[in-house]
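>>> One predicted model, sequence on top.
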Amino acid sequence: MKLTVYTVSGAPRGWRVLLGLAFKGLKYETKFLKASEGEHKSAEFRAINPRGTVPVLDADGLIMRDSLGILAWLDRQYPEPPLFGETPEEVAVVWQATLECCDYLRDAANTMLAPILLKGESLPDEGTKRRADYEAAAEALHTEYGFLEGLLDRQPYLAGHSPSAVDAVAFPEIAIVQRAVETKRDIMDAFGFTEIASKYPLVTAWKERIAALPSVVETMPPHWSE
Ligand SMILES: N[C@@H](CCC(=O)N[C@@H](CS)C(=O)NCC(=O)O)C(=O)O
């Protein structure tokens, strides 16, 4: 079966799908759309996804337009290794944590990082409303790091002893925080993110563990190495 993923370099939801494919050891083609040139909003792309969002997976003409839906389909089409668990208990654990990461980690990371990475905002002065917004966003993101650290206290991956959908959802968010620490150090330092390795050692080790899995390096955003 020919699998083609449409995504944007560094888009976290698209990255989820690339990780799901990597965890399963599947071969696929990636078509990177240039968001800066509005390619995801072009008539050509809207013909396959009227919402103009990524990811889209084309599996021999079957078009899927949602990251979690794509991961669920992948798991049914290629059951080994499972992304959503096997026993009812595992399914419950994986879905619970996956949706918590989709709701809370995604929201916290996006609120904190979109202004910094996409809009290029710099550190606002202390006492300003913008600074207070950042402080609230940083606190929410630290809370989610704490949540992940707690999950990893008893297991090497977020839902057990092998990578699952939770890892595919969480890894892009954590990798993007690291990217912001490397490229926007001043602002990330002001909110305690330059010390994530010592504050959250289990999350840091987990991130390295995922990054070292076969084929995961090929999922890294191409524009990060330009
Ligand atoms: N629920 C969808 C959301 C997809 C989504 O919003 N993707 C973002 C990139 S991470 C996007 O395409 N944003 C561009 C836009 O909304 O115009 C999914 O998880 O696949």
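Alright, I've got the coordinates.

>>> so how far is the ligand from Pro79?
Relative to the ligand, Pro79 is positioned 22 Å away (Cβ to the nearest ligand atom, to the nearest Å). C-beta coordinates here come from the backbone N, C-alpha and C atoms, glycine included.

>>> what's the answer for Glu100, then?
Counting by Cβ to the nearest ligand atom, the gap from Glu100 to the ligand is 15 Å.

>>> and Trp95, what does it touch?
Phe84, Ala165 (Cβ atoms under 8 Å, 6 or more residues apart in numbering).

>>> need the contact list for the residue nearest in space to the middle of the chain.
Centroid-nearest residue in the chain: Pro172, 2.7 Å away (criterion: Cα atoms, centre = their mean). Neighbouring residues of Pro172 by Cβ under 8 Å, 6+ apart: Pro12, Trp15, Arg16, Leu19.

>>> Check which residues of stretch 124-134 are buried.
Pro124, Tyr134 (16 or more other Cβ atoms under 10 Å).

>>> Figure out the length between the terminal residues of it.
9 Å (Cα to Cα, to the nearest Å).

>>> who touches it?
Met112, Glu121, Leu123, Ile187, Ala190, Phe191.

>>> cool, and stretch 197-211?
19, 142, 145-146, 148-149, 152-153, 156-158, 163, 167, 171, 174-175, 178, 192, 196, 216-217.

>>> Just to be sure, Gln155 is in a helix?
No - using DSSP: H, G, I helix; E, B strand; the rest coil, the secondary structure at Gln155 is coil, not a helix.

>>> these two touch, right, it and Pro163?
No - applying Cβ atoms under 8 Å, one finds Gln155 not in contact with Pro163, separated by 11.2 Å.

>>> neighbour count winner among these two?
Set side by side, Gln155 and Pro163 show more neighbours around Pro163, with 25 against 13, by other Cβ atoms under 10 Å.

>>> Could you pull up the residues touching the closest residue to that one other than its chain neighbours?
Spatially, and ignoring its direct neighbours in sequence, Pro163 is nearest to Phe23 (4.7 Å; Cβ to Cβ, 6 or more residues apart in numbering). With contact set as Cβ under 8 Å, 6+ apart, Phe23 has these partners: Pro81, Leu83, Pro163, Ser164, Asp167, Ala168, Leu213.

>>> Phi, psi for the nearest residue to Val217 once chain neighbours are set aside please.
Once flanking residues are discounted, Val217 sits nearest to Ala211: 7.2 Å by Cβ to Cβ, 6+ apart. Per-residue torsions, Ala211: phi -60, psi -30 (degrees, to the nearest 10).

>>> Tell me how far Ala211 lies from Gln178.
10 Å (Cβ to Cβ, to the nearest Å).

>>> Also Asp133?
Taken as Cβ to Cβ, the span from Asp133 to Gln178 is 22 Å.

>>> now do Asp107
Distance from Asp107 to Gln178, by Cβ to Cβ: 19 Å.
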